[in-house]
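Trainee: Pasting a predicted model and its sequence here:
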Amino acid sequence: MKLHEYQSKQIFSRNGIPIPQGRLASTPIEAKQVAEELGLPVVLKAQVLVGGRGKAGGISLVKTPDEAEEEASKILGNKIKGLPIRNLLVEKAINIRQEIYFGITNDRLAGKPIMIASGEGGVDIEKIACTRPDKIIKVHINPLLGLRDFQVRGIATEINLQRENWRKFLQIGKGLWQVFCDIDATLAEINPLVVTNEGHLFAIDGKITIDDNALFRQRDLIDMRDLSAESPEEIKARKFDLSYIRLSGNIGCLVNGAGLAMATMDNIKICGGEPANFLDIGGGASSEKVSAALKIILSDPNIKTVLINIFGGITRCDEVARGILTALGNNNRNVPMVIRLVGTNAEEGKKLLLDGNQITANTLFEAAQLAVQTAKGVKA
Amino acid sequence: MKLHEYQSKQIFSRNGIPIPQGRLASTPIEAKQVAEELGLPVVLKAQVLVGGRGKAGGISLVKTPDEAEEEASKILGNKIKGLPIRNLLVEKAINIRQEIYFGITNDRLAGKPIMIASGEGGVDIEKIACTRPDKIIKVHINPLLGLRDFQVRGIATEINLQRENWRKFLQIGKGLWQVFCDIDATLAEINPLVVTNEGHLFAIDGKITIDDNALFRQRDLIDMRDLSAESPEEIKARKFDLSYIRLSGNIGCLVNGAGLAMATMDNIKICGGEPANFLDIGGGASSEKVSAALKIILSDPNIKTVLINIFGGITRCDEVARGILTALGNNNRNVPMVIRLVGTNAEEGKKLLLDGNQITANTLFEAAQLAVQTAKGVKA
Amino acid sequence: MSILVDQDSRILVQGITGKEGLFHAQQMLTFGTKVVAGVTPGKGGEWVLDGKVPVFDSVRMGVEVTGADTSVIFVPAKHAMDAILEAEAAGISVIICITEGIPIHDMMRVRSYLDNSQTRLIGPNSPGVLSPKQAKAGIIPGNIAIQGNIGVVSRSGTLTYEIVYALKHLGLGISTCVGIGGDPVIGTSFTDILEIFEADPFTEKVIMIGEIGGTEEEVAAEFIASQMTKPVYAYIAGETAPGDKRMGHAGAIIEYGIGSASTKTESLHDAGVIIAHHPEEIPQMIMKSLGLVGSDIDQ
Amino acid sequence: MSILVDQDSRILVQGITGKEGLFHAQQMLTFGTKVVAGVTPGKGGEWVLDGKVPVFDSVRMGVEVTGADTSVIFVPAKHAMDAILEAEAAGISVIICITEGIPIHDMMRVRSYLDNSQTRLIGPNSPGVLSPKQAKAGIIPGNIAIQGNIGVVSRSGTLTYEIVYALKHLGLGISTCVGIGGDPVIGTSFTDILEIFEADPFTEKVIMIGEIGGTEEEVAAEFIASQMTKPVYAYIAGETAPGDKRMGHAGAIIEYGIGSASTKTESLHDAGVIIAHHPEEIPQMIMKSLGLVGSDIDQ
C-alpha cells in the first residue's frame, strides 16, 4: 500500500524529520488561500500515486496568489497517467543548495533492511544507480539491533555531507528508521532531502510503501489508502481476497496459484495472444469465490475469451466448476471459455461443465493455443 | 532507584496489567473518604521502600469507614524500619484463589533478562527459592528478540495455571516485559499476582527498580524518586557525584575507587573496628569534591576518626590533600585522621599535610590498625 | 532418495487443530509420513486424526515426548514468527513454514536471528517438501510424482505441481521437490537447495522454477556457473508480468526495474542452464536429453 | 609475556579528543604502546598529542588507514553501546571499554549480539589491561608493576593497583593485569580470563580479585576446581558491605542474599584457591610460597 506525499510527510514530521510548511488544498480557491497564509512563493504539487509528476505538469512554482489559483485549477483538472488529481499539496518554496537521496527498503537477498543514500538526489534512484553507481551508498541494518548512529555518520561521510549538518542528518536517519519500523514499511524514502543555503535540512518529497501483510497491526494506516488509484475491479477482488491485476489484452485468465497464473499468461503470449489480467483464486477456493472472480474478469469489456486453468490440489475442480456455472448464469455476453481442469475431482468438474458450451483442453499449452485462436475468432 | 508500590502499579496499569481499584491517601480522613468511594472492605497499605510491611503492621484490612480512618491514623503515625510513612494506598479488597510470583530481572551471568515465576507466590521469592526451588520457573529472554508468546505460555504450563487464564497471563507477561524495557528496569515484579474466585487476575503488589545509569533517558521517572527514604548526607553525596553509604560504625572512610573502599572497610573490621561509611570519591577527584566528601563524613556524630586511603593514579594526592585542608578548616570537632597517600604526587600531598596534625601510614593494613587504635582512644 | 526429509523424519505439525493443519496432517499420514505430534496451545492432551496424533501445548513438549525433528507450520500469519522461534528453541532441525502473509519485518527479524542458528527454515509461503516413497512434509499433493533422480526447487506451488505431474506422465521421477516459498524474505534460497542437490548422490538433474521479483535466480546462476556439475533446467514465470505490480506472491514484483523474467532467464542461460519457455517444455527437454521421445503416458 | 594485548597491538582510542581519552592516550604512548589512531566523529583529519596520533571520524576509517586491532573506549555512557558496536563492525578484535555508567539494558543487548561475534569485549567499567614491557591499554598506571609470571584478574581498579604495586615492592612481577570491569553485565568473565591464563605459558600463578555482587566468583571457583592447574590466590572485597546497597560499582550489590563475600570466599576456598583476608596479604603469601621472606623493598 502506497502513501501519498502529504501522508508520508505527516508521518516523517511526527518522527522528527523536518518538512517544509504546507497544507493540502482540493480547490483552486483553497490553494490561493493556503498560498497567502504561507507566504509566497509556494509550490503546488499534485497528489497522485504515480511517479513522473513533474514532467506531467503536476508541480508548479507560483509567485502570486492569483497565479496559485490559476495553476491550481489547471493541475486539479488534469489526470496523470490516467489517475485523477484530487488534492494539491501547497508548500512554501525552499532554496536548494544540495539534493540528497535518503531511503530505507528491504534487501530481499540479505533478509535485512538496507539504508540507501546518495549525495546526488532529486532524480530517481534507479537513474543514479545506472549512471553513477559509485554515488550510491548502501548499508545493511541488523533489524535486531536497529539502526546505529555510527552507520548514519558513516553515510554522512560517504555522501560528503558538510560536518555542521551531521547532527541533523543523524536525527533524520533515526527518524526514517523509526518510520520504517513503526509502520511496517517496505519503503521509506526522502527524495530529495535538501540542504538550504541557510544550512537547514528539509524532506522536500517523500514516499512510503506499507507492507500489505502487516496491515492487520497497522489499523490506523488503512484509512490512508487512496481507493481512487485503484480500479473498481481491483477493489472488489480484494474484498473476495483475490489477487487480480488488470492488463491490456483480451484473454481473461482464471488460475489457482500465483506462479501458475503467471505461467498461464506467459503461455498465452507465446501462442500469440495477450492476457487481459492476472488472477489467482488462491488455494481451496469456494464456488462463491470462483464465481466472483469470473464476474470480475467478464466485467472487462475487452475480453474476447476466458482461459480457466486449475491444477487441483487443495482446490477441488468440481467446486471450481460450480462457481463457473453460477457466474455464467449471469454472463449475458456469451464469452467463450477454454477450460482445463487437472487433479482433485477433475472428472466431476468436467462432468458438471458438460452441459455448458465450453472448450476443454488437456495441457496448459494446448489450452493457451485454443484460447488465442478463440480470441482471434478462429473456430477451435 | 526503587519505586513505591503505588507508582509501580500505575506503570503496570498503563501497560495492560490489571490492578485493583484504589487511590492514594495521606491523611486518615482521606483514607476514610477513599474507602467509602471504593466500597468496603478495603485494604490500607503503607507506602514505604522497605520489605516486610505486613509484619510491621503496615497493611490492614478494614470493613467500615470508621475503621479505615482509625487504622489509617495508626499506620500513618508509624515508622517502618526507620522510614516514615507518608502515604497509604487504599485498595478494594480482592478474594484470592491462587497467588503467583511473576517478575523479570537481569541475569548477570547470562547477560540477559530473566523471567521468573512461581505458582506459590505471595511470599518473598528468596524464601520459595530456599524451600521449594523446584517451584521456581526461570526463562531467559533474548533482549534482541524480546519476550516471545511461547515463552510465557511455557511458564503458564509450568506453574500449572488453569488454561482459561492463559490469555490473561500472556497479556500480563507481555505488559511486564514492556514495563521492564520501556523504563530501563532492573526489576519488575508482581508478587502476588492473584487469581480470584471469579477467574480474574490482578497484580496485588508490585515492585519496580530502575537502573540509575539509565535515568538520563528516563527523565519523567526521576520525579518519582522518594527522597524521604534517603538520608540528607546521601542526597548531598549524590549531588557531588560521590558514592556514599552510611553505616553504623565510628571510623569514617574516604577512599578513591569502590573496590579499594570496600577493602579499606574490610581492613578496619579485621583490625577490630567498625566502618562508619562507604565512600568512593571516584577517579581524578577535585579538591572541592574531596572537601565535600570529608564534610559529609564528619557530619556523622558517631565518627571517632577518619581513615583516608588514596592510591593515586588519575587521582592526584596533592589535590586530595588540598581538599582535606579545606574541609578541616571547618572541622570544629577536631576528629583525628589517619592518612595514607600512595602514587601520583604522594610526596607533594604529604608535604601539604605536614602542617596539620594527622597520622600518616604506609600500608593499608597499617592505616587500618592506626585508625582502629585511634577510634578506641589508644594513643598511636 | 531425498534431501531435507526422508522416511525417518518425525514430523510435528504446528497449528494441527486448525482446518488447514488438520487436513494436511491427514494427507501426510496417508502418504505414510510419520506425523508424530501436533501443537496447539491450550489443546495439549487432545488426540486428533482418529487418535493417531497427540496434541501438545508447546513444541518443546511435543519434541520431548515424541522426538519430533521436523516441523510443518500452519499457524496464522500474525503468530507465525513466534511459531518459528518456538520450533527453533525446541531444537527442531528443519522448519517448513507453509503460512502465507507473514509481515516482512517479522521475517527480517527471524532471518537475522536464524543466521546464528543450526536450524534450517524452508519458506514461509512454501508448499513444503515432497520426496516420493520417502516423505511428504507440507501440502504438495502426494500422488503427483514418482520416485526418480530429478531434483526440483521452486518459488511457487501449483506451477510446480504442474511440472512434477507432467514429469510423471512421461515416466520421469523426482528425488525431492522443494518449495522455497513465494515471499520476498525466505529462510532457504535457491542456491542453498542447489548446493544440497549437487551434493546429493540420488539427484542427477535439477529443475529450477523461478519467477519475477528479486535477484535470487541471478545469484543462483552464479552458483550454477561456478559450482554445479549436474545439468539444470529452468523456467521463469512472469515474462508477461507488468512492472511495479505484485503478482499474487508477496515476492513476485518487479521493482525499480529489478527482477524481470528476461534478466533472470538471461543470467541462467549464460550460466549454462537449459531454459524452457513454458513449463511443459521441461519434461520434453529432459526426455530428449535421454534420447527418448516425449510421448505422454496417459494423456 | 602477556595475554590479550602485547607490544604489537595497534591501539585505537574511541573518544580521543575528550579530556579522559586524550590524557590516557598520552599515558599509553608514554608507556611505549602503539596508539595508532583516535576516533571522534566530526573531528576526523585533526592530529592530537603533538601530531603523533591522527583522529578519524569513524572506527572503520581508523582501522582501514592504520591497521588498528584493539580499541580502548572512553566515550560517554549514553554513546558507549554504539561505540562498542562500531568497533565490532569495523573488525576490531579486542575492545576495552573504560566507560562507566552504561545502562544495563544496553549491555544486555550488546552481550547478546557479541555472543555471535569473534570480537572480545573487556569491560565496560574496566581499568583496562596492563602488561609490563608489553602494552598498556587502558588507565592502569604503567609504573606500578614490573614484568613477571603472575597473572592478575580483577573486577576493580585502584584495589588492583594496590595489589600489583605491593607485588612490585616485593620484587614480584606480573604477566598481565586484566580489569574485567565493575558492572553487573560485562563482556569477559573471570572464567574467560582464568582460562586464558591457564593456557598462557608465561603465567605461573594467578591472582583473582573479586568483590560482592553476582555469582561470577562462584562460577570461576567451579572452573578452577575442575580445569586449573596453576595456583590461584584470591581476595574478595566487601566482607563488611551491607545487603541491598550498591557499593560504588554498579555490580557490587548483595541482592536477595546473593553475592556476599563470604559465599564467594567459601566457594573459592573449596576449589583450592588460597584466600587472603586483606589485599596486602597476597604478596606475602606468594613470597612465602617461594620460600622468601616478605620484606618490602622500598617502603
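Mentor: Sure thing, it's come through. Residues are numbered from 1 along each chain as shown, chains lettered A, B, ... in the order given.

Trainee: Identify the residues contacting the closest residue to C:Pro103 other than its chain neighbours.
Mentor: Once flanking residues are discounted, C:Pro103 sits nearest to A:Ala214: 3.7 Å by C-beta to C-beta, 6 or more residues apart in numbering or on different chains. Heads up, the C-betas are built off the backbone N, CA and C, glycines and all. Contacts here follow C-beta atoms under 8 Å, 6 or more residues apart in numbering or on different chains; on that basis A:Ala214 touches A:Asp184, C:Pro103, C:Ile104, C:His105.

Trainee: For the nearest residue to the third one once chain neighbours are set aside, give its distance to A:Thr186.
Mentor: Right, C:Ile104. In space, and not counting its chain neighbours, C:Ile104 is closest to A:Asp211: 5.1 Å by C-beta to C-beta, 6+ apart. Using C-beta to C-beta, to the nearest Å, A:Asp211 is found at 5 Å from A:Thr186.

Trainee: what does A:Val195 give?
Mentor: Relative to A:Thr186, and taking C-beta to C-beta, A:Val195 is found at 27 Å.

Trainee: Those two: which is more packed in?
Mentor: Neighbour tally, A:Val195 and A:Thr186, criterion other C-beta atoms under 10 Å in any protein chain shown: the higher count belongs to A:Thr186, 25 against 22.

Trainee: Could you verify that that one is part of a strand?
Mentor: Yes. Counting by DSSP: H, G, I helix; E, B strand; the rest coil, A:Thr186 is part of a strand.

Trainee: mind checking pLDDT for it?
Mentor: On pLDDT, A:Thr186 comes in at 96.

Trainee: tell me the contacts of it?
Mentor: A:Thr186 touches A:Thr105, A:Asn106, A:Thr209, A:Ile210, A:Asp211, C:Ile104, counting by C-beta under 8 Å, 6+ apart.

Trainee: Thought A:Pro113 was touching the first one, still the case?
Mentor: Yes. Applying C-beta atoms under 8 Å, one finds A:Thr105 in contact with A:Pro113, separated by 7.3 Å.

Trainee: In three-state terms, label A:Glu189 for me.
Mentor: strand.

Trainee: nearest residue to it other than its sequence neighbours?
Mentor: A:Gly103 (3.4 Å).

Trainee: For chain C, give me its nearest residue in the stretch 1-150 of chain A.
Mentor: A:Gly111 (3.5 Å; C-beta to the nearest C-beta).

Trainee: The closest residue to that residue other than its chain neighbours and C:Met81: what is the separation?
Mentor: Excluding its sequence neighbours, the residue lying closest to A:Gly111 (C-beta to C-beta, 6+ apart) is C:Arg111, at 3.5 Å. According to C-beta to C-beta, C:Arg111 and C:Met81 sit 11 Å apart.

Trainee: In terms of packing, which of those two has more residues around it?
Mentor: C:Met81 (24 against 18).

Trainee: Leaving out the residues flanking it, which one is nearest to the more buried one?
Mentor: Per C-beta to C-beta, 6+ apart, closest to C:Met81 is C:Asp106, 4.0 Å.

Trainee: will you turn the contacts of A:Thr186 into CSV that also has pLDDT and neighbour count?
Mentor: Shown next, in CSV, are the contacts of A:Thr186 (pLDDT from 0 to 100; neighbours: other C-beta atoms under 10 Å in any protein chain shown):
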residue, pLDDT, neighbour count
A:Thr105, 96, 19
A:Asn106, 95, 23
A:Thr209, 95, 16
A:Ile210, 96, 21
A:Asp211, 96, 23
C:Ile104, 98, 23
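
Trainee: Dump those residues to TSV, plus distance to D:Leu49 and secondary structure.
Mentor: Shown next, in TSV, are these (distance: C-beta to C-beta, whole Å; DSSP: H, G, I helix; E, B strand; the rest coil):
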residue	distance to D:Leu49	secondary structure
A:Thr105	43	strand
A:Asn106	44	strand
A:Thr209	50	strand
A:Ile210	52	strand
A:Asp211	51	coil
C:Ile104	49	helix
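
Trainee: Turn these into a markdown table, columns for distance to B:Arg340.
Mentor: Converted to a markdown table, those look like this (distance: C-beta to C-beta, whole Å):
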| residue | distance to B:Arg340 |
| --- | --- |
| A:Thr105 | 63 |
| A:Asn106 | 62 |
| A:Thr209 | 68 |
| A:Ile210 | 67 |
| A:Asp211 | 66 |
| C:Ile104 | 64 |
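
Trainee: Can you get me the start-to-end distance on stretch C:206-220?
Mentor: 12 Å (C-alpha to C-alpha, to the nearest Å).

Trainee: Helices of chain C, residue ranges please.
Mentor: C:19-31, C:59-66, C:77-89, C:104-114, C:158-169, C:190-199, C:216-227, C:261-270, C:281-289 (DSSP state H).

Trainee: Just the angle for the third one relative to helix C:104-114, thanks.
Mentor: Meaning helix C:77-89. Using axes from the mean of the first three to the mean of the last three C-alpha atoms, to 10 degrees, the direction of helix C:77-89 lies 0 degrees away from that of helix C:104-114.
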